[in-house]
Structure formats: structure tokens, C-alpha cells
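> no FASTA, just this:
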């Protein structure tokens, strides 16, 4: 199994992946409003996969749970809401201190 | 090969005309340079609207609207048609005055399909419209359809009724003969017919010129876009504006189709259109002003198609005044889709030498000469 | 960043990096636009930031990229990361989103070095969370050092499958099974290309060694390995739970929370098709690729394509292609005389030819197998719109054979990915059901924007006013 110290157990227990690097720096992002510490410089997709289970969004047509498939910007299955902006491709966005990330479930706020 | 009627153009007008003629026991050959529905007929915004039509078109539009409810019987497909009330918004008092005038005009002519609605009713119909909207004019029976599905259903019905559709067949020469017309195609074959119907859309002017009957039709490429699925924003109501360009149609699947007359540069000869993002940007600005919730919606795709247009924005429908036996049905100026079922009816009546069930005098091909 | 350049290069993989460096070194005004936050493309993804641990696992083929980056940084062309290009036009206009706004840049020449992607092959359950591509896993590791800690099945065919398996063994990841779907007979049919491939004996040996190492590691770790595997199926309720497959008469099933699939690599042609490059069909690898000459010139005079986007030949070739394209552009802009061009291009061309020697063998060995797209009716093909294989077969049976029309009618390819995920499958399903060969059907058109643009971003566009008609 990959070796990682206590401080790198950034998973909430549901992640199916673990970090192999000892990150030199971390940042705090908010996933579904809960703070989590993640290595700086990684993509949002990596941060979430290392932290929680792999459910990122629901498909707009059938409302099925979806997760990153290609991790290279092609499949549009890793769509999340970042700082209030929907439809961000998590595999292309680097994490930033204080960033708020949410799963993309409904595409619109019903009432503004 | 011979037929009673030769139709050039496999768009929805040509196919609608072909269906009605075949049902009246006429033999028909239809020529299409690409595939039926390849151009504007299959790639317009899909609006089925009576609202805002030129008063000259209203009788045809109202009659056509009734036929949209029966497509399952007439062309064996629902054509993806569904009702989405169309609401033309007044963004200020000046707009409202325009709408009031419009309704008064329609009432004086005996039409009641467009109804003035107040601030509150606008919000009941479309809860997310911006604060500044003061009222509107609603047409509750308008809707939208899937244009490609519709065009294909018309073409398939024509074939079922016995029409010979020649796809990938361009008419390269056409001549008037003693008893009709002779057509030569890109496949090297010749065809003869007693009457000829010009349903060639954006290409109608050039086609007709081959017979010495030039029409003042020009091509335009209205540009449309579609958003991702954003259920809840439109509330099933389609929107238009009074003082500015914009049309937003609420598709059943939650996407929004945006039209309204933004045009892209084109080259008809090479059949190429350049989609101009500046136009899309202008449309996006107005959309967000009218429906702020659209801010987070995404433009998924733009598309355009070649439309045949006339400067007075109503079509040419009728017998050529220069060539006997030639009939035109073209120049719908980017709003012919809804009229198609009715056009098939009146065109078949014209071709058969009968009095059309609705008057077509306003659409005479020579009206521009008269005006000059 | 300026608004106008001699050349704009789109995509910062090996081709784009080499091309932009070569052009900048010749004194030309160059901008390199890229979607990612750091240069490297997919193959050298995140190379400027990976740790020594990651680099050790990824090996030489990855660290090769450091040289490319070094040359690029020395040449220092304008570089705009995190730029999403959503439309490009043959007159050299490029429209892109950057920092919540859209803008337009123009250039005399455009180089589209948008690279390649894994061939998307639908199978039952491929939309379940937990299913991802081998390339995706590799990208995840490059980005973040993440590796699976729960059972993972690796399935498919092609060199990348073995490479990823090798990395996962090195990382002690719990591999549940390796399922090779390459049909045995392709080892025989590809053999005729062997003599030419032997021109790069070292390269071939590297591949053989890699596969042998994986087999040895699998044996040691008692990881089951199967050849000639068919009928892959992902099973689970809103999350992958197991992977089913068949091998001969044997039914296989492995509990897994991650399934990594790979069925080869195809050019990523979205931007190429949107701009209007003419494409040709390759009957061995079964994909459309742009028609280009040796230096990447297309049917559009101002547009070049470089790298795997022309045809999938790998990272090293991409670099050479990028340099050749740069030289051709420099010649057209009179920065290179005819004579200088000949002198400079000849050695690169030679290196490229050498690099290409084993490709026909690899392409034939890992050609998409005949039944690759024998997708069960109930399987989803269009991930965005949830359209099944059965629905596509139905519409094809009604007489539709043009994906553009199929898209308009059943929405297959209408979603945000614009057919990138379902395109290959629809092509093959149409061929299967209609009998019309794939190359005779009308390819799927790409309309701008090739990536969705939010209306707010579009409204904020800083685009010049165009002439009003």
C-alpha cells in the first residue's frame, strides 16, 4: 500500500485513492461547505477524488451520478460549481485557498 | 422521365406542395441538390408562432397553426411539436404603447390570438423576467417543433404518397418548352413536366433567373444558439422583445433556443457561413438583462442556415407573371417554417388551377415591379 | 499579451511547445494558448511541478518532457495557460475564454496542436462513477500523485494499458485483474509490419520489456491476467462494485471500485473540424484525421496542424512535427530562405521518419477489434444526453445514416461534449446497422463554441466590433 503519514490522510474515509507525495504546501478548500486541506497545485478533480467518493455531478439529461472519466477536459463528467459558477471542468481547474466547490446537481437556481 | 409537376427544392415548402399534389393524384418529381431538410427547413429555430406576424400573413398562419395539431395523422410524426406560449415583452412604456397599438390593429381586423398582459401576468407566465419589464403581448397557442424531424417527416410522407424524390441531384439547366418544362440535372438525366414549382429557398432568385424570371431574393444567415438544459428558468414560456432583437424559445427538454435575427456573414456560392461571435455576445448581453438567471446558463452550440429573404419580409407565393406554368413558393424571410402545412395546400390549389382557399395577392411575385 | 501575432499555437503539448519555441527562436511573434494550468499537454502533464517520486514512477518517457520545457522556456513565446479556445476561423481569428471573459486574438498563421484523446468505447455501465480511462488515471497521478487504494481492474488494449499497469504495480496499488482485449489473431496480422518496425529495435524492445515486467509483477502479486477478453461490463448501483467479462467460455467477475479502460488513442479533432480542415478516414485505426502534408499544412492556407492531431504517432513524433511546422511557417514569413529551410528541416524529417517506423506495426497490432462496438442495446452511448445504443440502431433502421441528422433528432451528441464521447461509436453503429461504410457517411460537424461558454462570459466578451451589415 502507498505510504503516507497521518497528516496526509486528507480523505474523509470515502476516497478510493491516496496521495503518494508528501505535499510541501497545502491549501484549504470548501467542499460542500466543509473545509478540507488539500495539496496546493493539484486540480480540483484530484482534490475531490483524494478527499471524498467520486461523485461529482448528476447528468443533466437523466440525473445519474457521474464522476471524472477522461481527466483531460473532453468528457464533461467532472462538472462542479466553483465559487458560485456552474459548469466548471474540475480536471482543468487548479485549487485555490478558500475556494468553494460544490457538486453540480441542479443546473439552475429555481428562484433568484 | 416525365411527371405532371416538377418541384425544385427539397425543403419543407417543396415537400408540403408535393404531398398535397400527390394526394390529388398528380405525378410529382422533386429535385434536391443535397438532402431534404439540409438547409433552412431543417435547421431553423423551430418556432411555430403566429405572434408578431405581418398582418398579410396572419390568415395563413392561423390556418397553418390548426394543422400543426394534426401532424401525427397527416405526416405520421408529431414533429416534436409542443405548445410554449410566446410572450413579447415590453421593457418600457414606449414598448407597451407599441404592443397596445398592435393589439388594437389585430382586434380591428378580427383576430384575437395576441392578448395584452400586465406586469403581474407576465410574472405568472415567466417568473424570472427582470424587474424593468412592464407588460407584454401573449400568444398562448404558439409553440415549437423539431425542424429536422419535421422536414424529414414531410419528405418521407411525400415518398409514401408516390412522389419521386431525387436527392443529391442538382438542377443545372431548365427550359420552357411548348407544353411545359425540361430539366437537366447534375446526374446527367433529363426530366419533363407540365408545371414547375420553385421552392429553392435562398437559391430561388438564381434558379428562377434561368427561366428569365429573376426574383429580388437575397440570402441571409440568421444565427441561432442553444443553451444547456436549464429547467426552471423559462417556465415553459417563450419570450420575444419589442424594442430590441431577441427570441428565446423554451424547449421541452429544458434547453433554450435563442434566435431573433442575429445574422452572420455568408458566401452562398461556396455555401459557407461564418458564425460571428460578436453577434452572439450582443444577444447574450440582452438575454442577461431580460432574464438575469440566464447568467449561469451556457451557450452549447451556434448554428445557422441559408434563408431566402425579401425586403418587405413576406414571401413570394404564386404564379410567375413572366413564365406560364411556373409557380414560386419562396422568400419566407426566415419565418416560413410554421406556414409550411398551409403552403402545401394553397400551392397545390394554385398548381391545379383552382382558386386558393385563402387570398395570396399580397405575395405576388411582381409586387416589387408594381411598387417601382 | 497582444491581440495580434505572426502565429498562434493552440495546445501546449510536445508539438505546441516545440513549434512555438522554434518560431520564437526565429524572431517571430508567437502566442501559445493552452487549456491547462501548466505546460506539457497530456503526455508531459504537470511536468514543471511533479515530484521526484512521481518522476521515478513515470520514468524516462515522461522526464523527456523536461528538455522540451527547457527549450520552450528559453525561447519564451507568449504563453497563456487556462485559456479555453472555443472557436477559430480560417482567417486566423481565435476566440477564447480566459478569466471569466471572452476575447479575440488574430494571427497570420494558426497551428492547431490539440493532440489526441483515448478512443471512447461505450459498454454497459461505463457511465458509473469509478469507471475511468487509463489515460485519466495517468493524468490523475501526474497531477496529484494519487493512486488507487481499493481494488482496481485494468481492461482494454494498447501500450498505455501496460504502461499504467506498470505504474500501478510500482505504486503497490491493489490491482484486482488485468484484462487484455487484444484479439490473439492481431499478433499474426500485424506481423507483416514487423520488418519495418525493426528499424527501431530499441523502441520495440522497450515495449516488450514493459509487458514482460507487468506480467512478472502480476505473477508475483498473484494478480489474475486474461487475454482475448470480451464483453466488459461495469456493474454497480450509482458506484462501480464489480467488473464482469468473458474469456472464451469462462465468465469472469472481479470486485472493484475502480475500472481503468483503454481502447487506443485517436486524434482530438474538435477544433480542426470546426475550423473546416478536410479529413481522411484511416481504415486500420478507424478514425478521421486531417489531411496534412509533412509540415502540417491543411486545405486552409493559414492553418497548420501539428502533433498527434494529424495522426497518433506519439510524443517524440509530435515534437518533430511541431518543429517542421514551425520551419514551414518561418519559410512562408521569409524568416528562413529556401536553402536554410532545406538544411534545417532535413535532419528533423529524418528523425521523424525513424520515429514512425514501428507505427504501422503498433497500429495493426492494436487496431480496434471487429466487435469493439458491438454495444448491447441497453448501454448508454451518448453520456451527456443518455441515448442508448438501441435507440441509435432504431433511428438508423429508419433510414438515418448521418450523425448530424441523428443528433438533431434523438439528441445523441447534443450535450456539452458535442459528440466527442459518442462520435466514434455512432459512426460504427451506423455502419453496422445501415451497411454504409463509415468513411462514406458524413462526418459529424463541430459548431462553435467547441466548448460551452457561459452567457455571462460571452456577454463580457472583449471582441472588436465587426462591420454591421
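Happy to help now that I have it. All of these numbers come straight from a predicted model, not from anything done at the bench.

> could you use CA atoms for every contact and neighbour count after this?
OK.

> next, residue A:101: secondary structure please.
strand (DSSP: H, G, I helix; E, B strand; the rest coil).

> just the pLDDT for it.
For residue A:101, the model assigns a pLDDT of 97.

> for it, give me its contacts.
Applying C-alpha atoms under 8 Å, 6 or more residues apart in numbering or on different chains to residue A:101 gives the contacts A:29-33, A:80-83.

> which stretches of the chain have low pLDDT?
In the absence of a named chain, this looks at chain A. A:1-10, A:106-112 (pLDDT under 70).

> not quite, go with chain B.
For chain B (pLDDT under 70), the answer is B:370-372.

> any idea which residue of it lies closest to chain C?
residue B:298 (4.0 Å; C-alpha to the nearest C-alpha).

> how much space between that residue and residue A:44?
21 Å (C-alpha to C-alpha, to the nearest Å).

> who in chain B is up against chain A?
B:128, B:229-233, B:293, B:296-297 (C-alpha under 8 Å from any C-alpha of the partner chain).

> what's the neighbour count on residue C:372?
Using other C-alpha atoms under 10 Å in any protein chain shown, residue C:372 is surrounded by 17 other residues.

> check contacts around it.
So residue C:372 contacts residue C:121 (C-alpha under 8 Å, 6+ apart).

> so where does it fall, helix or strand?
Residue C:372 is part of no helix or strand when elements are defined by DSSP states H and E.

> ok, it to residue B:210 distance?
52 Å.

> ok, now how distant is the nearest residue to residue B:167 once chain neighbours are set aside from residue B:13?
Once flanking residues are discounted, residue B:167 sits nearest to residue B:32: 4.8 Å by C-alpha to C-alpha, 6 or more residues apart in numbering or on different chains. Here the criterion is C-alpha to C-alpha. By it, residue B:32 lies 12 Å from residue B:13.

> chain neighbours aside, what residue packs nearest to residue B:87?
residue B:138 (4.4 Å).

> thought the one you found was touching residue B:114?
Yes - with contact defined as C-alpha atoms under 8 Å, residue B:138 reaches residue B:114; the gap is 5.4 Å.

> what is in contact with those two at once?
residue B:51.

> and these two? Which one has more around it.
Neighbours per residue, other C-alpha under 10 Å: of residue B:138 and residue B:114, the larger number sits with residue B:138, 26 against 23.

> run through the bridge partners of the more buried one.
Counting by DSSP bridges, residue B:138 is bridged to residue B:87, residue B:115.

> how about it, what does it touch?
Applying C-alpha under 8 Å, 6+ apart, the residues contacting residue B:138 are B:51, B:85-88, B:114-117.

> likewise residue C:338?
So residue C:338 contacts residue C:331 (C-alpha under 8 Å, 6+ apart).

> how close does it get to residue C:326?
Applying C-alpha to C-alpha to residue C:338 and residue C:326 gives a distance of 14 Å.

> sorry, back to before: what number of residues lie near the residue nearest to residue B:167?
23.

> right, and it touches residue B:165 too?
Yes - with contact defined as C-alpha under 8 Å, residue B:32 counts as touching residue B:165 (7.4 Å).

> name the residues contacting each of those two.
Going by C-alpha under 8 Å, 6+ apart, residues that sit against residue B:32 and also against residue B:165 are residue B:10.

> just to be sure, residue C:8 is in a strand?
Yes - judged by three-state DSSP, residue C:8 forms part of a strand.

> mind listing the helices for the stretch 51-200 of chain B?
B:58-68, B:71-74, B:93-108, B:119-125, B:147-160 (DSSP state H, counting those that start in this stretch).

> a markdown table for those helices, including distance to residue C:152?
Formatted as a markdown table, the helices of the stretch 51-200 of chain B follow (distance: least, C-alpha to C-alpha, whole Å):
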| stretch | distance to residue C:152 |
| --- | --- |
| helix B:58-68 | 54 |
| helix B:71-74 | 51 |
| helix B:93-108 | 63 |
| helix B:119-125 | 52 |
| helix B:147-160 | 44 |
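
> single out the most deeply packed of those.
helix B:147-160 (a mean of 24; mean count of other C-alpha atoms under 10 Å in any protein chain shown).

> distance from that one to the middle of the chain?
15 Å (C-alpha atoms, centre = their mean, to the nearest Å).

> do the same with stretch C:347-364
Centre to centre, stretch against its chain (C-alpha atoms, centre = their mean), the figure for stretch C:347-364 is 18 Å.

> measure that stretch end to end?
So stretch C:347-364: terminal residues 28 Å apart, C-alpha to C-alpha.

> swap in stretch C:367-387?
Terminal-residue distance, stretch C:367-387 (C-alpha to C-alpha): 26 Å.

> quick one: average pLDDT of it?
96.

> which residues belonging to that stretch are considered buried?
C:367-369, C:372-375, C:377, C:379-387 (16 or more other C-alpha atoms under 10 Å in any protein chain shown).

> for chain C, which residue gets nearest to chain B?
For chain C, C-alpha to the nearest C-alpha, closest residue to chain B: residue C:454, 4.0 Å.

> where does that residue land on pLDDT?
92.

> so how many other residues sit close to it?
27.

> so it makes contact with residue B:299?
Yes - using C-alpha under 8 Å, residue C:454 is in contact with residue B:299, at 5.9 Å.

> returning to what we had before: looking at the helices of the stretch 51-200 of chain B, which is nearest to residue C:92?
Residue C:92 lies closest, by C-alpha to C-alpha, to one member of the helices of the stretch 51-200 of chain B: helix B:147-160, at 32.4 Å.

> other SSEs contacting that closest one?
Packed against helix B:147-160 by the contact rule (3 or more C-alpha pairs under 8 Å, 6 or more residues apart in numbering or on different chains; DSSP states H and E) you find helix B:12-23, helix B:40-43, helix C:403-410.

> repeat that with 6 Å
Here helix B:147-160 touches helix B:12-23, helix B:40-43, going by 3 or more C-alpha pairs under 6 Å, 6 or more residues apart in numbering or on different chains; DSSP states H and E.

> what's the nearest residue to residue C:323 if we skip its chain neighbours?
residue C:19 (4.8 Å).

> tell me the secondary structure for the one you found?
helix.

> count of residues packed around it?
32.

> return the residues in contact with it.
C:322-323, C:326 (C-alpha atoms under 6 Å, 6 or more residues apart in numbering or on different chains).

> ok, and the most crowded of those?
Neighbour counts for the contacts of residue C:19 peak at residue C:322, which has 33 neighbours (criterion: other C-alpha under 10 Å).

> pull the contacting residues for residue B:28.
So residue B:28 contacts B:3, B:5-6, B:163 (C-alpha under 6 Å, 6+ apart).

> chain C contacts on the stretch 151-300 of chain B?
B:281, B:284-285, B:295, B:297-300 (C-alpha under 6 Å from any C-alpha of the partner chain).

> typo on my end, chain A
So far as C-alpha under 6 Å from any C-alpha goes, chain A lies against chain C at A:1, A:16-21, A:42, A:61, A:66-67, A:69-71, A:75, A:92.
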